[in-house]
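sequence unknown, structure follows:
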């Protein structure tokens, strides 16, 4: 193990000459000087770094936890890219989610985080793509290297990507174990090889005696356990989603197209402050309510009286997602048959939600909900799983095979789909696992048949 060659005189963040220490691991913190201070307002345009409720200190603490895990397990180096190729959210406007979780940095495609727990000084380093002096004309300013960028990102060592190969090789070679670690994601053989695995494999192949270990559960476990700030952002996303669903319920009427209803719902998201959708909205009426992933490119259908419309939607706040489904009658009143099926789905949802607690597994919750549906005679009519983790992505990272832990946010979403009757019903709520049980986060949205009919009847 390399020896620390300097002493941390203060343990707070963003103070002159400060460092943070956890279990003998040092992280140098950039400090302000009379001529270089943390850029604010318009001065921060083009400077990579966290911009929202989650602060640089929180991201640094996450990295310290990961560095400590690496030290305890004998890993010499890890590299994590802002690689959107295998990001479930996809697209250039979304960060690789592990990278974002550890840095809070968006809009720097290809950027990399290098972790070196045995380093004498810089146990964490940030590598950004080269700066094209003419690119700002097309895509806006990007900051040059220097103290202001270090303060903005929260990293005392910020370099360009060209210097990453040498730094990675040095971290592997001089580490105590000479073993790099691949932190995931593990993908199927038909998918592109994750960039960090590609890089680690190539780096160790050039250094005899070194190797790559796999530790695919630590980042999902960290991301699964939400802190108070993450829970607050999820609550905000849920509140915006609830406003959209209430708007849709109050304005829907026969003769309206699915697209018009979707527009009403999504407009409310944006009015409430959400800049993006958490995922493509599902608004399917009549026969389309039975199409599990019905998408907007087909939503020209005109909704008729007596039909149901299933709305599976979610707003996003600072990259944290909501995911809520409500199914309601276009005319404002359920038929007896629709109500009968709806009540079965509602019982399945309620029994699963009431069983949520630390230590229970997704499989057990799924069995509870399916037991209700099967007992009612709809054995083959729930065609999907019961739920998923929720967080930075609508189907967020987490360890599905392990018992649930406090701070986890999951969805509970049983459904019954009867295409021969044009009845598709799904009820989805977002649930926080607490120390003693659960909290339903998606309150304030009509949910039972009586609540839905009463709400939709107001003003009609």
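Sure thing, it's come through. Note that the coordinates shown come from a computational prediction; the quantities given were computed from them, not determined experimentally. Numbers count the residues shown, from 1 in each chain.

Name the residues that touch stretch 432-448?
226, 231, 234-235, 238-239, 241-242, 245-246, 249, 322, 324, 326, 328, 346, 353-354, 356-358, 404-410, 427, 429-431, 452, 454-456 (CB atoms under 8 Å, 6 or more residues apart in numbering). Every residue, glycine included, has its C-beta placed from N, CA and C.

Which of the residues you listed fall in helices?
Those of the contacts of stretch 432-448 mapping onto helices are 231, 234-235, 238-239, 241-242, 245-246, 249, 346, 353-354, 452, 454-456, per DSSP state H.

Just the buried residues from those, in ChimeraX please.
ChimeraX command restricting those to the buried ones, with burial defined by 16 or more other CB atoms under 10 Å:
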select :231,234,235,238,239,241,242,245,246,249,346,353,452,455,456
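
List the residues that contact residue 47.
The contact partners of residue 47, by CB under 8 Å, 6+ apart, come to 39, 143, 148-149, 152-153.

just residue 247 next, same as before
By CB under 8 Å, 6+ apart, the contact set of residue 247 is 264-265, 267-268.

Report back the residue of the protein that's furthest from centre.
The C-alpha centroid of the chain is most remote from residue 336, which lies 39.0 Å away (CA atoms, centre = their mean).

How much space separates that one from residue 449?
Look at residue 336 and residue 449: by CB to CB, to the nearest Å, they are 11 Å apart.

how about residue 270, secondary structure?
Counting by DSSP: H, G, I helix; E, B strand; the rest coil, the backbone at residue 270 sits in helix.

ok so, going back, now render the contacts of residue 47 as a markdown table, adding secondary structure.
Formatted as a markdown table, the contacts of residue 47 follow (three-state DSSP):
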| residue | secondary structure |
| --- | --- |
| 39 | coil |
| 143 | coil |
| 148 | helix |
| 149 | helix |
| 152 | helix |
| 153 | helix |
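
Report the central residue of the protein.
The residue lying closest to the centre of the chain (CA atoms, centre = their mean) is residue 392, at 1.4 Å.

that older thread, give me the distance between the residue farthest from the centre of the chain and residue 414.
Here the criterion is CB to CB. By it, residue 336 lies 21 Å from residue 414.

Likewise for residue 383?
Taking CB to CB as the measure, residue 383 falls 11 Å from residue 414.

quick one, which of those two is more surrounded?
For residue 383 versus residue 414, neighbours defined as other CB atoms under 10 Å are more numerous around residue 414 (29 against 11).

which ones are touching the more buried one?
Going by CB under 8 Å, 6+ apart, residue 414 touches 345, 348-349, 352, 369-370, 372-373, 382, 386, 426-427.

Sticking with the closest residue to it other than its chain neighbours, tell me its helix or strand.
Taking CB to CB, 6 or more residues apart in numbering, and ignoring the residues beside it in sequence, residue 414 has residue 348 as its nearest neighbour in space, at 4.1 Å. Applying DSSP states H and E as the criterion places residue 348 in helix 336-354.

Report the buried residues of stretch 429-443.
Within stretch 429-443, the residues scored as buried using 16+ other CB under 10 Å are 429-433, 438, 441-442.

how distant is it from the center of its chain?
Taking the mean of its C-alpha atoms, stretch 429-443 sits 17 Å from the chain's own mean (CA atoms, centre = their mean, to the nearest Å).

Poorly predicted segments of the stretch 51-200 of the chain, please.
Where the stretch 51-200 of the chain drops to pLDDT under 70, the residues are 84-95.

Just give me the closest of the contacts of residue 47 to residue 110.
Distances from residue 110 to the contacts of residue 47, taken as CB to CB, are shortest for residue 153 (15.2 Å).

Look up how far residue 151 lies from the closest residue to the closest one other than its chain neighbours.
Nearest residue to residue 153 in three dimensions, chain neighbours excluded: residue 49, at 4.6 Å (CB to CB, 6+ apart). Counting by CB to CB, the separation of residue 49 from residue 151 is 8 Å.

Kindly report the same for residue 130.
The gap separating residue 130 from residue 151 is 21 Å, by CB to CB.

Neighbour count for those two, which is higher?
In terms of neighbours (other CB under 10 Å), residue 151 is the more surrounded of residue 130 and residue 151; the figures are 25 against 10.

can you pull the contacts of that one?
Counting by CB under 8 Å, 6+ apart, residue 151 makes contact with 14, 30, 32, 36-39.

Repeat the analysis, applying 7 Å as the threshold.
30, 32, 38 (CB atoms under 7 Å, 6 or more residues apart in numbering).

Output those residues in JSON lines; the columns should cover secondary structure, pLDDT and neighbour count.
Formatted as JSON lines, those follow (DSSP: H, G, I helix; E, B strand; the rest coil; pLDDT from 0 to 100; neighbours: other CB atoms under 10 Å):
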{"residue": "30", "secondary structure": "coil", "pLDDT": "93", "neighbour count": "23"}
{"residue": "32", "secondary structure": "coil", "pLDDT": "93", "neighbour count": "14"}
{"residue": "38", "secondary structure": "coil", "pLDDT": "91", "neighbour count": "18"}
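
All good on my end, thank you.
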